[in-house]
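Visitor: using only what follows, build the 3D model:
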Amino acid sequence: MNPVVQAQLKAFSNSNPSSKFSESDFFEVFSIYSISNGLLTDDVDPFKAHLQGDEFGLDGITIKVQGELCTNSDDVAEALTVGKNHHVEFGLFQSKTSEKADYGNMSKFFDAAFEFFSGCVLNPSDQLQDRIAAKDALYASALKRNPSLDLFYVTTGTGEMSDQIKKLVDATTSRFVDLSIFDSVRIKLIGAKDLQTGYRSATNSNSERVEILKPITLPEHPNVQQAFLGYVDAKELVKLATVMSGDDENPRINRAVFFDNVRDFNDKSEINHGILEDLKSGGRQSFIFKNNGVTVVAKSVNRQGDFFDLEDYQIVNGCQTSNILFQAQEHAKGVHVPFRLIVSDDPEFVSTVIIGTNRQNEVKEDQFWALTPFMKDLEEFCREQSDDQRIFIERRENQYRTEAVERTRVFKPSELVKSVAAMFMYHPHRAARDYRGIKKEFSNVLFQSKHSVKLYHAAAFTSYKLDFAIRNRRVDRAWGIYKFYVLYMIGRQYAGEGKVFDQKRKMQDQIASEIISFAEDEDRLVNEFSKCAEVLDRLISEAKLETREKIRDHIRSERVSKEFAKSLDLN
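Guide: Numbers count the residues shown, from 1 in each chain. Reported below is the predicted structural model:
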């Protein structure tokens, strides 16, 4: 194996320990991470995208709706509730540690990918059934535009294609295009240099030099080291907003530097189309007078005259402007944009800037949580726990992108709410599928100042330990869909029938401590999983359900939740 890739793989595996993963397993996950989070600048948990076991020709599948990874139909249903013009991306992966691309293995990979979309997979595993159900749910939703498809075949060699393999790739591309279900089809042979570039991009902070024309210094502020106001040439802004994704690739929008979701940008919308046409018809000089400007926040800046070296920066508003100028290309020459640069290493102040500069946009409610004192306290508490109990609460998009943390310990607000809803609100049947309904119903109940952060940490930590047991094959992987019922069982066992958040703080802390002790005992946790599976398996058998999708729908019903509680004498 390439020595640089070998070193990067070792660093990745050290940050994400797993006793059951072989070097080959880790390489598969490492490849997904380097491509998705590095070359594509997405924010994906590679372990969730990875297909464990010996799937025919496939090592991983990413199904992204507006950038959110979906591994089953529940995830798809939730993702489709946000926005209207959904951008869907399929990514399929096959990774080999050998240096040369093998014609036979590539053919096997392409056949497996084709079978996945044509509905011809024979005896699919549970995890593959979940991905198929997610794919089918997307196409059944009557998308306004077809998904894109990327196929990645990974080696540790040069990534160059022989003439024979080029013919295979061309024939395979035509084969997928002829299905008429994709907006675009790309097949990429990934080599060692691509993996190196991707891993570095995924683990290093953004840095770039920008020239600000006629910068003026803004007034002092206790939370701001420096701040400047001026304007920039369009090419300077595009430079900040793009990244090179490979040696032979043209620049592409760097999704990781934006606060906004870049997939929300629709170049075919009437407004954006009008702006592009205005630029093409000679409206370049007037652009600066019509545009509200762009705000960039950086942790550190080194100034040399009108040139500013930015380190760890984020474009907190300006997604639309950046995308339009990127697409305008030569028509953006001579265009200038109002530009504000704020240098601050205070995350709380940065959060207020992000919210303040996006008031006119539809900002996710989850992102406002970054400002609440409770969420700040929870993040700090979870992060300061001992190594095994440490959890990372992601209050802001890509918050831990460049940190060497175990990816499966990172919890987004939505994942935290699901775990808490199952364990302490006693809604295991709704947790997986009805996140937004739960959030709306309990918005005035969750994350209150009187609550103990230890309860939320206990829910997240137990959820992590259950995922760990599934990923490391301590339990049957098919039981993964039962996870929220296991959380419910543990919550009822230690919190009882009452409303735990109404208890005194001392009692909340005691309950959390008991749950943590239980979750740390893997044998007890696996035994609880087995008890849960025994009951749910029986209820499913009585209903005479066969397909995994019907089983998933069945256990999401309130009736099954009540029968489950009754069977375990939890009423």
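Visitor: the bottom helix or strand of this structure by mean pLDDT?
Guide: Using mean pLDDT, DSSP states H and E, helix 365-368 stands out as the lowest-scoring helix or strand of the chain, at a mean of 59.
Visitor: give the next helix or strand downstream of that one.
Guide: Going down the chain from helix 365-368, the next helix or strand is helix 373-383, by DSSP states H and E.
Visitor: and that next one, average pLDDT?
Guide: Helix 373-383 carries an average pLDDT of 90.
Visitor: got the contact list for the lengthiest helix in the chain?
Guide: When the chain is parsed with DSSP state H, its longest helix is helix 522-542. With C-beta atoms under 8 Å, 6 or more residues apart in numbering as the test, helix 522-542 has contacts from 462, 465-466, 469, 474-476, 479, 482, 485-486, 489-490, 518-519, 551, 554-555, 560, 563-564, 567-568. In this view, the C-beta of every residue, glycine as well, is placed from N, C-alpha and C.
Visitor: try stretch 176-184
Guide: 90, 113-114, 117-118, 139, 145-149, 185.
Visitor: thinking again about what came up before, what comes up buried for the longest helix of the chain?
Guide: Across helix 522-542, burial judged by 16 or more other C-beta atoms under 10 Å covers 525, 528-529, 532-533, 535-536, 539-540.
Visitor: could you dump those residues to CSV with pLDDT?
Guide: Formatted as CSV, the buried residues of helix 522-542 follow (pLDDT from 0 to 100):
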residue, pLDDT
525, 95
528, 94
529, 95
532, 95
533, 94
535, 94
536, 94
539, 92
540, 92
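Visitor: would you turn these into TSV with distance to residue 174?
Guide: Below are the buried residues of helix 522-542 laid out as TSV (distance: C-beta to C-beta, whole Å):
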residue	distance to residue 174
525	50
528	51
529	46
532	48
533	45
535	50
536	45
539	47
540	43
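Visitor: residue 507: which of those residues is nearest?
Guide: Proximity of these to residue 507 (C-beta to C-beta) peaks at residue 528, which lies at 22.3 Å.
Visitor: can you map out the helices along the stretch 401-550 of the chain?
Guide: 413-423, 428-431, 435-441, 453-471, 483-495, 505-520, 522-542, 548-555 (DSSP state H, counting those that start in this stretch).
Visitor: which residue packs closest to residue 466, ignoring adjacent ones?
Guide: residue 483 (5.1 Å; C-beta to C-beta, 6 or more residues apart in numbering).
Visitor: oh, that last question was meant for residue 48, not what I typed.
Guide: Nearest residue to residue 48 in three dimensions, chain neighbours excluded: residue 71, at 5.6 Å (C-beta to C-beta, 6+ apart).
Visitor: confirm the one you found sits in a strand?
Guide: No: with DSSP: H, G, I helix; E, B strand; the rest coil as the criterion, residue 71 is assigned coil and is not in a strand.
Visitor: now do the contacts for it.
Guide: Per C-beta under 8 Å, 6+ apart, neighbours of residue 71: 48-49, 63, 130-131, 134.
Visitor: want to try a markdown table for these, with pLDDT and neighbour count as columns?
Guide: Putting these into a markdown table (pLDDT from 0 to 100; neighbours: other C-beta atoms under 10 Å) gives the following:
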| residue | pLDDT | neighbour count |
| --- | --- | --- |
| 48 | 93 | 18 |
| 49 | 96 | 25 |
| 63 | 97 | 25 |
| 130 | 93 | 24 |
| 131 | 95 | 27 |
| 134 | 96 | 23 |
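Visitor: for those residues, which one is nearest residue 444?
Guide: Nearest to residue 444 among the contacts of residue 71, with distances taken as C-beta to C-beta, is residue 48, at 31.0 Å.
Visitor: distance of residue 155 from residue 92?
Guide: With distances taken as C-beta to C-beta, to the nearest Å, residue 155 is found 16 Å from residue 92.
Visitor: so where's this structure shaky on pLDDT?
Guide: 19, 245-249, 259-264, 266-268, 359-371, 570-571 (pLDDT under 70).
Visitor: per-domain residue ranges of it.
Guide: Domain segmentation of the chain under automatic domain parsing yields 3-203, 207-363, 366-567.
Visitor: how far does the host helix or strand of residue 200 sit from its chain's centre?
Guide: If you go by DSSP H and E, residue 200 is part of helix 192-203. Distance, stretch centre to chain centre, for helix 192-203: 18 Å (C-alpha atoms, centre = their mean, to the nearest Å).
Visitor: sorry, back to before: what's the neighbour count on the residue nearest to residue 466?
Guide: 24 (other C-beta atoms under 10 Å).
Visitor: contact partners for it?
Guide: Contacts for residue 483 (C-beta under 8 Å, 6+ apart) come out as 463, 466-467, 470.
Visitor: downstream neighbour of the helix holding residue 200 in the secondary structure list?
Guide: Next along from helix 192-203, by DSSP H and E: strand 207-211.
Visitor: in its sheet, which strands sit next to that next one, and in what direction?
Guide: Sheet pairing of strand 207-211 (DSSP bridges) gives strand 307-317 (antiparallel).
Visitor: who's in contact with the strand it pairs with?
Guide: Against strand 307-317 from outside (C-beta under 8 Å, 6+ apart): 205-212, 215, 228, 240-241, 257-260, 294-303, 322, 341, 350, 353-354, 357-358, 361, 402.
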